[in-house]
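K.L.:
what would the 3D arrangement of this be:
(one chain, ligands or ions: 3)
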Amino acid sequence: MFIEPRVGNGRDAARRGWIEVVCGSMFSGKTEELIRRLNRAKIARQHVEIFKPALDTRYHQEDVVSHNANSIRSTPVPVAQEILLLAGGCDVVGIDEAQFFDDSLVDVCVQLANRGSRVIVAGLDMDFLGKPFGPMPALMAVAEYVTKVHAVCVCCGEIASYSFRMAASEDKILLGETDVYEARCRPCFLDGMQDKALHETSTTHKH
Ligand SMILES: Nc1ncnc2c1ncn2[C@@H]1O[C@H](COP(=O)(O)OP(=O)(O)O)[C@@H](O)[C@H]1O
Ligand SMILES: Cc1cn([C@H]2C[C@H](O)[C@@H](COP(=O)(O)O)O2)c(=O)[nH]c1=O
Ligand SMILES: [Zn+2]
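P.N.:
Numbering: from 1, shown residues only. Ligands and ions are numbered 1, 2, ... in the order given. Next comes the predicted model:
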């Protein structure tokens, strides 16, 4: 899916950093793809470190875990700046659930790449409303490589780009799995949003 050029160890290694973004809806295979790229770098005996936001405790306190139970050891960090302190000298830096980080993640990734690291960032491009999520759009702008992966729409089987939230919560951050979210294509996402709005109007009128 992605051919990795080698990270050099020579004199000009610092000139060889870059940023890759893997984005898409929930269940689209972002974490699987991140783990795949990181494992290949490990096989190539590169120095790899992986980070995730400390608030993402869904499957495991420390590991990055995909929906089909692939996993890789990671370091949870409360803020993006901490990655800069911990990732010094790495050939490859992986970051999962990037949408939950503050905007300073963009500068952190740029600095790491400028220092010579290959930075692979995975995250949701859109939130439950279909709006760009956190630092993801800016990361996509500064990245050399952007890969958008797709899930399967649970309503009709088409490719899915949206994460439909079944719960009523309007909070931007609501951790969850298939209990709370469904991967949906555009028409099925719009249908769901319309149904939600109708349901809301009818329940408001009842009170
Ligand atoms: N609607 C769906 N479409 C595609 N894959 C799904 C769906 N629901 C569950 N899965 C599972 O999710 C896996 C991808 O998980 P993961 O890499 O954690 O995705 P992401 O990080 O994008 O949420 C797939 O290999 C598949 O086993
Ligand atoms: C759409 C959306 C999702 N979330 C949460 C739900 C999950 O805990 C993660 C996404 O995980 P995945 O690896 O991409 O499946 O994000 C949220 O908090 N707010 C949202 O709008
Ligand atoms: Zn659909």
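K.L.:
residue ranges with poor pLDDT in this structure?
P.N.:
1-15, 59, 204-207 (pLDDT under 70).
K.L.:
give me the most central residue, it.
P.N.:
Gly123 (1.4 Å; C-alpha atoms, centre = their mean).
K.L.:
OK, contacts around Ser117?
P.N.:
7, 17, 87, 90-93 (C-beta atoms under 8 Å, 6 or more residues apart in numbering). No exception for glycine: its C-beta is placed from N, CA and C like everyone else's.
K.L.:
other SSEs contacting the biggest helix by length in the chain?
P.N.:
Determined from DSSP state H, the single longest helix within the chain is helix 186-206. The contact analysis (3 or more C-beta pairs under 8 Å, 6 or more residues apart in numbering; DSSP states H and E) places helix 186-206 against strand 162-165.
K.L.:
which secondary structure elements does the helix or strand following the strand it packs on contact?
P.N.:
The helix or strand immediately downstream of strand 162-165 is strand 181-184, counting by DSSP states H and E. With contacts taken as 3+ C-beta pairs under 8 Å, 6+ apart, strand 181-184 sits against strand 162-165.
K.L.:
the strand it packs on pairs with which strands, parallel or anti?
P.N.:
strand 181-184 (antiparallel) (DSSP bridges).
K.L.:
and the partner strand, how far out from the chain's middle?
P.N.:
16 Å (C-alpha atoms, centre = their mean, to the nearest Å).
K.L.:
and what of stretch 68-78?
P.N.:
12 Å.
K.L.:
next: stretch 99-116.
P.N.:
On C-alpha atoms, centre = their mean, the centre of stretch 99-116 falls 14 Å from that of its chain.
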